[in-house]
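**Q** coords please:
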Amino acid sequence: MKRHLILKLLAINLAVIGFVMAVVWFSIDTLAAGYFVTLMEKYNISPKPAHSMFISAVHRYLIWASLSAVVLTVVLSFVMMRKVLAPLTRMTVISREIAAGNFAVRVPTATEDEVGQLAHAFNRMAESLEKIQNLRRNLMIDVAHELRTPLTNIRGYLEALNDGVLPPSPETFSMLQDETLRLVQLTEDVLQLARADAARGDLHREPTDLRAEINAALEPFSRSFTQKSIRVDIHAPEGPVTVSADRRRVARVLRNLTDNAARYTPQNGALDIRIEAGPENVRVDYTNNGGELAPGDLPYIFERFYRGEKSRSRQHGGAGIGLAIVKELVEAHGGRVGAELSGERVVVWFELPINPATRAG
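**A** Presented below is the predicted three-dimensional model:
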């Protein structure tokens, strides 16, 4: 590719030199030669011998100058173009490596000109592809890991039942049903996560009252809160707190946050939900007792399949997808999510723009 492009650029330069040479040649033969004859006649000198000598000398010097310009153009063009096109050649080689699956390669960037900016953009693209590839690989590993435990349990009990080692009992069938429901829930979580990824271009925005949606999200978990003696307090402004959002997706965000609080708030704990309306954004805080969650876990709790309390998470049946869905859906609305530790309590919060068009402007 480089050689072909060098030849094309060199041909352009040679065409320019040829055009300039033709214009100069024509100018000498017509304008300069005519002016020379007029000048000779003015001083009563015979112009014929001198005219021929003048034209011949000028043509000779013009040819030599043109040949020198061509040689200099070829040498400089080859050297400079080779230097300029070297990063493009490396990009071609590296793009083949990326196509073969090696996403760790990068193009060296030594300049800040247009070619250097192209190299920076190419490297950003390679980093994005590497990140996507890592997410895909980790997702497959995590899904396989989550599926292995219930499938292994189901297989072991079925083999024991089939061999007569374990007698059929309601407890055994109940356990098998629980493991099956766990697989169903994991499949549903992965499906919801895929839908959250695709939500950015498929939002049906409408005026949505966050206070009403929070009350609706709390209802299905009221029994869980009662059984664990968890006190739930809502702190919100008087009247509706309205944002322009996809009501169904916002309901999913609030349901996941409420489910997370119901799972991990300990016995006799407290859940505080606070809504703060600003001029451009509305912030919602879910604050509950943090249990064993460490400060080092906070940057990762919104990642897929991440669980800070690994021993307890399996006991509660979580797969580490709920908060990842929250993050995808909130960011699809142009909002932000975060988590903080306040003493021994965990604050999981998100912000939604009141009017996305105004914020984007």
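
**Q** Which secondary structure elements does the helix or strand where residue 326 lies sit against?
**A** Assigned by DSSP states H and E, residue 326 belongs to helix 322-332. Here helix 322-332 touches helix 170-197, helix 247-264, strand 336-342, strand 345-353, going by 3 or more C-beta pairs under 8 Å, 6 or more residues apart in numbering; DSSP states H and E. Glycine gets a C-beta too; all of them are placed from N, C-alpha and C.

**Q** What's the first helix or strand after the second one?
**A** It stands for helix 247-264. strand 270-277.

**Q** for the first one, same thing?
**A** Remark: after helix 170-197, the chain's next helix or strand is strand 205-209, criterion DSSP H and E.

**Q** which stretches of the stretch 51-200 of the chain aren't confidently modelled?
**A** Applying pLDDT under 70 to the stretch 51-200 of the chain flags residues 51-55, 139, 142, 145-146, 149, 193, 195-200.

**Q** ok so, going back, what separates the helix holding residue 326 from the chain centre, distance-wise?
**A** Distance of helix 322-332 from the chain centroid (C-alpha atoms, centre = their mean, to the nearest Å) equals 15 Å.

**Q** Quick one: the helices and strands packed on helix 322-332 as TSV, columns for mean neighbour count and distance to residue 323 too.
**A** Shown next, in TSV, are these (neighbours: other C-beta atoms under 10 Å; distance: least, C-beta to C-beta, whole Å):
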stretch	mean neighbour count	distance to residue 323
helix 170-197	14	11
helix 247-264	21	6
strand 336-342	15	8
strand 345-353	21	7
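
**Q** Kindly reformat those as TSV containing distance to residue 76.
**A** TSV is the format used below for the helices and strands packed on helix 322-332 (distance: least, C-beta to C-beta, whole Å):
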stretch	distance to residue 76
helix 170-197	52
helix 247-264	60
strand 336-342	53
strand 345-353	55
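
**Q** the inter-axis angle of the helix holding residue 326 versus helix 247-264?
**A** Interaxial angle, helix 322-332 versus helix 247-264 (axes from the mean of the first three to the mean of the last three C-alpha atoms, to 10 degrees): 150 degrees.

**Q** what's the average pLDDT for helix 322-332?
**A** Helix 322-332 shows a mean pLDDT of 86.

**Q** Can you mark which positions in that helix are buried?
**A** Using 16 or more other C-beta atoms under 10 Å as the test for burial, helix 322-332 gives 322-332.

**Q** Residue 63 and residue 57, how far apart?
**A** Relative to residue 57, residue 63 is positioned 11 Å away (C-beta to C-beta, to the nearest Å).

**Q** just residue 154 next, same as before
**A** Applying C-beta to C-beta, the value for residue 154 to residue 57 is 101 Å.

**Q** just residue 271 next, same as before
**A** 100 Å.

**Q** of these two, who's got more company?
**A** Applying other C-beta atoms under 10 Å to residue 271 and residue 57 shows that residue 271 carries more neighbours, namely 22 against 10.

**Q** Does the more buried one touch residue 263 like I think?
**A** No: using C-beta atoms under 8 Å as the test, residue 271 is too far from residue 263 to be in contact (11.4 Å).

**Q** Show me this protein divided up by domain.
**A** The record's domain parsing of the chain by automatic domain parsing lists 2-102, 203-360.

**Q** Ok, which of these comes nearest residue 108?
**A** Residue 108 lies closest to domain 2-102 among the domains of the chain, at 7.0 Å (C-beta to C-beta).

**Q** Can you classify residue 107 by secondary structure?
**A** Following DSSP: H, G, I helix; E, B strand; the rest coil, residue 107 is assigned to coil.

**Q** got the phi/psi numbers for it?
**A** Main-chain torsions, residue 107, degrees, to the nearest 10: phi -90, psi 130.

**Q** what residues are up against the residue nearest to it when sequence neighbours are not counted?
**A** In space, and not counting its chain neighbours, residue 107 is closest to residue 119: 4.5 Å by C-beta to C-beta, 6 or more residues apart in numbering. Neighbouring residues of residue 119 by C-beta atoms under 8 Å, 6 or more residues apart in numbering: 87, 91, 107-109.

**Q** filter those residues to the buried ones?
**A** 87, 91, 107.

**Q** follow-up on the earlier one: indicate which one of the domains of the chain is closest to residue 179.
**A** domain 203-360 (10.5 Å).

**Q** Now render the buried ones among the contacts of residue 119 as a markdown table, adding distance to residue 256.
**A** Listed next are the buried ones among the contacts of residue 119 as a markdown table, based on distance: C-beta to C-beta, whole Å:
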| residue | distance to residue 256 |
| --- | --- |
| 87 | 46 |
| 91 | 42 |
| 107 | 41 |
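
**Q** Alright, calling it a day.
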